[in-house]
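Engineer: This is a predicted model, with the sequence first.
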Amino acid sequence: MSEHSGHLHGTHDDGTATGGSGTFGRGSAGGNGTSTDTGTGTGTGGSIGSGIRGDDAASVWDERYRSKPQMWSGKPNPQLVREVGGLHPGKALDLGCGEGADAIWLAQHGWTVTAVDVSAVALERAHSHEKAALARESVHAAEGNIGSRITWQQANLEEWKPEGSFDLVTSQFLHAEELAWQGPLRTAASAVKPGGTLLVVGHHPDHLPPWGGAHHHRREMFYTGDDLVRELGLDGPEWQLEVLTSRERPVTGPEGQHATIADVVLRATRLP
């Protein structure tokens, strides 16, 4: 899930609507994995879990994606851009990539990306978006065609385990009724190599958009920075917290409503 929507994927959000209802509209992951949304579509899409078998979860999310020609805005999550822009590129994992906006942005900035989502439909769109982006870049490239830096993987985030470790692991808006965020985010943290970076972004439970409806009463779907530190064991000696904050930003709802919400942003380094 790479956007913010009621998706079970990791999702991204920039506060612009494209036809998705946001973290609170899809039942909430990959760009992408599990999803969270504020009623503004922008990320990429994700994975789902508890109480739903992997095959059933994939079918559910495939149908949700098929219900709209585009679920997200196609723009990368602004917190990802802000926090990762200064890092030296290496191997990255985008957990819940949805329609691929974050993964494509990372690849364009030199990262080799593994992008994971539960929905094959989302991943097909993501791959198509990547091919279009590569074609545009190749027109201006002195060396000709530019090769892909992204490996797209379909998986249930509750069961998926990464192969190897990564210089960057990012998970955006992993909020879903069917999926407890703790397990996938612990998997994400475990995949960070020594010296690497973990970036987790989500909706603050006390600053949700007013059009979220019943999701406002499901606090367990969301997390604060302290929740993340505690559940992921980031207060131990092997981690250094670089950013732990809540950032307000304006968003637009599915009916054109305007509100201010807050993103929880955690960036940590696994110490060598």
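Structural biologist: Thanks, I have it. Nothing here was measured: the structure is a model prediction, and the numbers come from that model.
Engineer: For the protein, which segments count as helices?
Structural biologist: Counting by DSSP state H, one finds helices in the chain at the ranges 54-66, 78-84, 101-108, 120-139, 182-190, 225-232.
Engineer: hmm, which helix or strand of this structure has the shakiest average pLDDT?
Structural biologist: helix 54-66 (a mean of 82; mean pLDDT, DSSP states H and E).
Engineer: related to what we said a few turns ago, which of the helices of the chain sits most buried?
Structural biologist: helix 101-108 (a mean of 28; mean count of other CB atoms under 10 Å). Every residue, glycine included, has its C-beta placed from N, CA and C.
Engineer: Could you tell me the angle between that one and helix 120-139?
Structural biologist: 30 degrees (axes from the mean of the first three to the mean of the last three CA atoms, to 10 degrees).
Engineer: tell me what helix 101-108 is packed against?
Structural biologist: The contact analysis (3 or more CB pairs under 8 Å, 6 or more residues apart in numbering; DSSP states H and E) places helix 101-108 against helix 78-84, strand 91-95, strand 112-117, helix 120-139, strand 150-154, strand 166-172.
Engineer: lowest-confidence stretch among these?
Structural biologist: Note on the helices and strands packed on helix 101-108: lowest mean pLDDT is at helix 120-139, with a mean of 92.
Engineer: for it, packing partners?
Structural biologist: helix 54-66, helix 101-108, strand 112-117, strand 150-154.
Engineer: and the angle from that helix to strand 150-154?
Structural biologist: Using the same axes, to 10 degrees: helix 120-139 against strand 150-154 is 170 degrees.
Engineer: Let's see stretch 78-91 as PDB, backbone CA atoms only.
Structural biologist: Output of stretch 78-91 as PDB, limited to C-alpha atoms (Å, rounded to 0.1, in the frame of the first residue of the first chain):
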ATOM      1  CA  PRO A  78       5.500  13.500   0.500                       C
ATOM      2  CA  GLN A  79       6.900  12.100   3.800                       C
ATOM      3  CA  LEU A  80       8.900   9.500   1.800                       C
ATOM      4  CA  VAL A  81      10.300  12.300  -0.500                       C
ATOM      5  CA  ARG A  82      11.200  14.400   2.500                       C
ATOM      6  CA  GLU A  83      12.900  11.700   4.600                       C
ATOM      7  CA  VAL A  84      14.600   9.600   1.800                       C
ATOM      8  CA  GLY A  85      15.700  12.400  -0.500                       C
ATOM      9  CA  GLY A  86      19.000  12.900   1.300                       C
ATOM     10  CA  LEU A  87      19.900   9.200   1.700                       C
ATOM     11  CA  HIS A  88      22.500   7.400  -0.500                       C
ATOM     12  CA  PRO A  89      20.600   5.000  -2.700                       C
ATOM     13  CA  GLY A  90      21.000   1.200  -2.300                       C
ATOM     14  CA  LYS A  91      18.500  -1.600  -2.000                       C
END
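Engineer: Other residues contacting it?
Structural biologist: Residues outside stretch 78-91 that contact it (CB atoms under 8 Å, 6 or more residues apart in numbering): 12-14, 102, 105-106, 109-114, 164-168, 170, 172, 196-197, 199, 201, 243, 247, 249, 263, 265, 267.
Engineer: If we use 7 Å, what do you get?
Structural biologist: 12, 14, 102, 105, 109-112, 166-168, 170, 172, 197, 199, 201, 243, 263, 265, 267 (CB atoms under 7 Å, 6 or more residues apart in numbering).
Engineer: The stretch 151-272 of the chain: strands as residue ranges?
Structural biologist: Assignment of strands within the stretch 151-272 of the chain using DSSP state E, counting those that start in this stretch yields the ranges 166-172, 192-203, 239-252, 258-270.
Engineer: Looking at the helices of the chain, which is nearest to residue 157?
Structural biologist: Nearest to residue 157, of all the helices of the chain, is helix 182-190, at 4.4 Å by CB to CB.
Engineer: Quick one: distance of that closest one to the chain centre.
Structural biologist: Distance of helix 182-190 from the chain centroid (CA atoms, centre = their mean, to the nearest Å) equals 13 Å.
Engineer: For that helix, what does the pLDDT average out to?
Structural biologist: For helix 182-190, the per-residue pLDDT averages 96.
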